[in-house]
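Undergrad: heads up, no residue letters with this:
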């Protein structure tokens, strides 16, 4: 008898959470790796959680024992990823390594929410210096940052809201 392995499930667009919920309700062991990162929304940096692999999640199956027929008709699911007619197993240890790397508190993969490192070039998005590039110097509290702006041949340290800057590239 073969041991249980992880298989990739292809979901409908934005259907990862729906598929996860419905597969779990049917008794399948499911893992949907999520990513937590900072994104700019409506002019502010916010933490967002989204699937690490859009349109994919993983289900643990014992092919000799588990009935895979209901998976395809599960709400949110398009089908199992296959090579030919057979479902394609995920390489051994891959899902376990994702689970081990996830943040314990949130269960998510985390991209360092410190968006900028000292010396990074940033673009000022609004305010009196909108459109200028500057150099990130450091954080000055949770909502404020210090940037170095070259004005009239001198670097001037100014403090702005962290929502006013974005990567220069």
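TA: Nice, thanks for sending it over. All figures in this text were calculated on a predicted structure; none of them were measured in a lab.

Undergrad: drop to CA atoms for contacts and neighbour counts, all remaining ones
TA: OK.

Undergrad: Spatially, which residue comes closest to the most centrally placed residue in the chain, not counting chain neighbours?
TA: With distances taken as CA atoms, centre = their mean, residue 35 lies nearest the centre of the chain, 2.6 Å away. Nearest non-adjacent residue to residue 35, counting by CA to CA, 6 or more residues apart in numbering: residue 109, 4.6 Å away.

Undergrad: my read: that neighbour touches residue 34, true?
TA: Yes. Between residue 109 and residue 34 a contact is recorded at 6.0 Å, counting by CA atoms under 8 Å.

Undergrad: Can you check which residues contact both of those two?
TA: residue 52 (CA atoms under 8 Å, 6 or more residues apart in numbering).

Undergrad: Listing request: residues of the chain with sub-threshold pLDDT.
TA: Applying pLDDT under 70 to the chain picks out residues 1, 110-114, 142.

Undergrad: tell me the domain boundaries of it?
TA: Following automatic domain parsing, one finds the domains of the chain at 5-110, 121-167.

Undergrad: Which parts of the chain are strands?
TA: 5-11, 29-31, 34-41, 44-51, 56-61, 77-80, 82-83, 86-87, 109-110, 121-124, 133-139, 144-151, 154-161, 165-167 (DSSP state E).
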